[in-house]
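1. no sequence on this one, just coordinates:
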């Protein structure tokens with residue numbers, strides 16, 4: 001079967017789908033990853049084809065509008081700004097999504113392109129399956145991850161969840177009419193199209209572990225948690241300079257913020273280095289999109305390296321608590337210090353603390369040398385916390401989230 005996996009966003013919104021595509025390819029399917037051109041190297045050598053989308057997510061985040069996300073202190077404020085940004089760029093991806101879909105039999109849709117992908121699938125009479133990295137379906141059990149890490153009460157959680165869903169629909173409201181016209185579909189409002197689809201109760205598979213977020217009891221049938229989809233690692237070996245650094249001293253601490261951007265990289269880098277040294281720890285600092293840098297015999301700055309090879313050799317991992325990096329740290333079985341910045345990161349950070357594998361969250365807005373050093377001392381010095389991380393990591397490594405999706409795809413293919 002010809003399967004197109006469609007997603008948009010930062011690296012964390014793409015990388016897990018490379019492993020999913022690789023697993024489907026090994027199962028005998030012809031798989032194409034449809035996402036931003038800058039991420040084509042992530043599938044090199046995997047057997048997964050690539051169809052580029054316009055829009056450079058890093059350029060968008062580094063624009064004045066993208067930097068403005070840091071001006072909002074609340075999840076709601078950031079969501080409003082994100083919706084405004086996304087409305088302006090989603091239409092630029094529509095033509096390429098349609099082109100890629102025409103060469104496919106089945107669409108696997110990330111939430112970032114979901115409403116547009118569903119419309120395309122309808123117009124081309126294709127099957128589709130939603131594959132999400134965050135628990136986006138409204139539930140009484142927790143608030144929507146994009147909005148809050150704290151419960152708003154059973155009723156409030158569910159109402160807020162529907163509110164976020166409706167906000168997401170508005171991202172596509174300006175693009176869908178033209179796409180529906182192009183595909184010969186009658187015009188309907190974005191919210192009406194979403195409600196019609198929900199009445200059909202389509203299946204959704206979630207790419208995280210039920211050990212991290214158990215399936216909510218009020219979810220309808222067809223909403224299932226598959227387990228993590230690990231990124232396909234183009235390079236599985238660590239660079240020689242990094243291997244040498246690891247071999248010449250005790251396990252260091254990883255610090256990286258992935259695709260997140262920060263207002264003042266120099267100040268943050270200085271705080272990180274001071275905190276590590278105050279806690280008596282060496283550091284591996286990943287530059288990432290935030291531009292972190294460190295120097296000295298006890299610090300090493302690196303670019304992209306496979307988390308699957310690096311994290312198991314760390315004493316702890318300090319990260320922005322994106323869904324994928326959170327999973328990678330859990331898989332490695334090492335303690336975490338989450339530094340949430342925006343969107344769903346506070347949700348995953350709170351999960352790490354609740355699971356007992358992180359001493360606390362240190363939100364970027366409250367990060368200082370003192371707060372980070374204290375968290376690092378607890379993360380690396382608490383034997384019970386380390387044991388819990390190791391035990392949970394072993395259980396997560398035993399799961400096979402890709403196999404669940406492969407079976408679902410084969411059922412859809414008849």
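-> That came through fine. Fair warning: this is a prediction, and the values are worked out from it, not measured in the lab.

2. List the buried residues of stretch 116-136.
-> Going by neighbour count (16 or more other Cβ atoms under 10 Å), the buried part of stretch 116-136 is 116-123, 126-136. Just so you know, the C-beta spots here come from the backbone N, C-alpha and C atoms, and that holds for glycine as well.

3. model confidence over that stretch, on average?
-> Mean pLDDT, stretch 116-136: 95.

4. Please apply the same query to stretch 277-293.
-> In this model, stretch 277-293 has a mean pLDDT of 94.

5. What residues sit buried inside it?
-> 277, 279, 281-290, 292-293.

6. residue ranges for the helices of the stretch 251-400 of the chain, please.
-> When assigned using DSSP state H, counting those that start in this stretch, the helices of the stretch 251-400 of the chain occupy the ranges 265-278, 307-310, 323-332, 345-354, 369-381, 383-397.

7. so which strand or helix has residue 410?
-> Following DSSP states H and E, one finds residue 410 within helix 401-412.

8. Output the below-cut-off pLDDT ranges for this protein.
-> Scanning the chain for pLDDT under 70 picks out the ranges 58-87, 190, 194, 197, 414.

9. could you pull out the strands for it?
-> In the chain, strands defined by DSSP state E lie at 2-6, 30-36, 49-53, 106-109, 127-132, 204-206, 223-225, 253-256, 283-286, 299-302, 316-319, 336-338, listed in chain order.

10. Can you list the helices and strands that the longest one packs against?
-> When you say that, I think you mean strand 30-36. Judged by 3 or more Cβ pairs under 8 Å, 6 or more residues apart in numbering; DSSP states H and E, strand 30-36 is in contact with strand 2-6, helix 15-26, strand 49-53, helix 94-102.

11. one step back: would JSON lines of the strands of the chain with distance to residue 374 be doable?
-> Listed next are those as JSON lines, based on distance: least, Cβ to Cβ, whole Å:
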{"stretch": "strand 2-6", "distance to residue 374": "41"}
{"stretch": "strand 30-36", "distance to residue 374": "38"}
{"stretch": "strand 49-53", "distance to residue 374": "43"}
{"stretch": "strand 106-109", "distance to residue 374": "42"}
{"stretch": "strand 127-132", "distance to residue 374": "35"}
{"stretch": "strand 204-206", "distance to residue 374": "34"}
{"stretch": "strand 223-225", "distance to residue 374": "34"}
{"stretch": "strand 253-256", "distance to residue 374": "14"}
{"stretch": "strand 283-286", "distance to residue 374": "16"}
{"stretch": "strand 299-302", "distance to residue 374": "20"}
{"stretch": "strand 316-319", "distance to residue 374": "13"}
{"stretch": "strand 336-338", "distance to residue 374": "10"}
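
12. can you state the direction angle for the helix holding residue 410 and strand 127-132?
-> Compare the direction of helix 401-412 with that of strand 127-132 by axes from the mean of the first three to the mean of the last three Cα atoms, to 10 degrees and you get 160 degrees.

13. So which other helices or strands are in contact with helix 401-412?
-> Judged by 3+ Cβ pairs under 8 Å, 6+ apart, the packing partners of helix 401-412 are helix 15-26, strand 106-109, strand 127-132, strand 204-206.

14. List of residues touching the shortest one?
-> So that's strand 204-206. For strand 204-206, contacts defined as Cβ atoms under 8 Å, 6 or more residues apart in numbering pick out 129-135, 137, 213, 222-226, 404-405, 408.

15. just how off-centre is it within its chain?
-> 14 Å (Cα atoms, centre = their mean, to the nearest Å).

16. Contacts only, for the closest residue in space to residue 352 that isn't next to it in sequence.
-> Nearest residue to residue 352, sequence neighbours excluded (Cβ to Cβ, 6 or more residues apart in numbering): residue 358, at 3.8 Å. With contact taken as Cβ under 8 Å, 6+ apart, residue 358 is in contact with 335-338, 349, 352, 379, 385.

17. ditto for residue 166
-> For residue 166, the contact set (Cβ under 8 Å, 6+ apart) comprises residue 191.

18. Distance check, it against residue 115.
-> In this view, residue 166 and residue 115 are 11 Å apart by Cβ to Cβ, to the nearest Å.

19. Which neighbours do the two have in common?
-> Common contacts of residue 166 and residue 115 (Cβ under 8 Å, 6+ apart): none found.

20. From residue 149, how far out is residue 342?
-> From residue 342 across to residue 149, the span is 12 Å (Cβ to Cβ).

21. Can you point out the buried residues in the longest helix anywhere in the chain?
-> If you go by DSSP state H, the chain has its longest helix at helix 154-172. For helix 154-172, the neighbour count (16+ other Cβ under 10 Å) marks 157-158, 160-161, 164-165, 167-169, 171-172 as buried.

22. between the residues you listed, which is nearest residue 2?
-> Taking Cβ to Cβ as the measure, residue 172 is the one of these closest to residue 2, at 24.5 Å.

23. what sits against residue 97?
-> Counting by Cβ under 8 Å, 6+ apart, residue 97 has contacts 6, 34, 53, 113, 116-117, 120.

24. Count the neighbours of residue 353 for me.
-> Residues lying near residue 353 (other Cβ atoms under 10 Å) number 15.

25. With residue 320 as the reference, measure out to residue 259.
-> Between residue 259 and residue 320 the computed distance is 8 Å (Cβ to Cβ).
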